[in-house]
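Trainee: Any chance you can model this:
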Amino acid sequence: MTSALVFAHPGILRIAYAANILILVPVCWGMIAPTAAVTVFQGAVTESSGLRLLVLSLWSAILAASICGLFAPAFFAPLLLVQIFYKTLWIALFVWPAVRSGAPVPWGVAGTFAAIVVVWPVLLVLALRG
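Mentor: Down below sits the predicted model:
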């Protein structure tokens, strides 16, 4: 016997996928430039080509999966859970300690992550409940 989540209204998830696309197209484009630490992370993260490519790879994968999610919203719902999880960890383990120590924080990225951590669970619940 298998158990799977059944979304009453999977189309609601398209809101999250569309938002991911709108956010990630310019961000991924910015990550290609060698000045990504200044543009995307507002100079709060030290520039490193390895880190830049790692983040670009992750965000490009999320962008590609979000495009697919527009066509198969329920199938790609785990992507939203992964985003909630890793963005929560980044806020807790990077942003919060930086704020406490007075270190620079990339508030653009942090604010976007915080909004996603709050809104994506609501969209998931609405899609499940209808």
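Trainee: any idea how far I21 lies from L89?
Mentor: I21 sits 23 Å away from L89, taking Cβ to Cβ, to the nearest Å as the criterion. Using the backbone N, CA and C atoms, a C-beta is placed for each residue, glycine as well.
Trainee: neighbour-wise, which of those two wins?
Mentor: Neighbours were counted for I21 and for L89 using other Cβ atoms under 10 Å; I21 has more, 16 against 11.
Trainee: tell me which element the more buried one falls in.
Mentor: In the assignment (DSSP states H and E), I21 maps to helix 13-32.
Trainee: Check F7 too.
Mentor: Using DSSP H and E, F7 falls outside every helix and strand.
Trainee: tell me the contacts of it?
Mentor: Contacts of F7 were listed using Cβ atoms under 8 Å, 6 or more residues apart in numbering, and they are 13, 73-74, 77, 127-128.
Trainee: May I ask which of those residues has the most neighbours?
Mentor: Using other Cβ under 10 Å as the neighbour definition, the contacts of F7 reach their maximum at L13, which records 26 neighbours.
Trainee: Give me the spatial nearest neighbour of that one, chain neighbours excluded.
Mentor: The shortest distance from L13 to any residue that is not its chain neighbour, by Cβ to Cβ, 6 or more residues apart in numbering, is 4.0 Å, and that residue is P73.
Trainee: most centrally placed residue in the chain?
Mentor: In the chain, the centroid-proximal residue (Cα atoms, centre = their mean) is Q83; its distance is 4.8 Å.
Trainee: For it, pull up the helix or strand it's in.
Mentor: Counting by DSSP H and E, the element that carries Q83 is helix 77-90.
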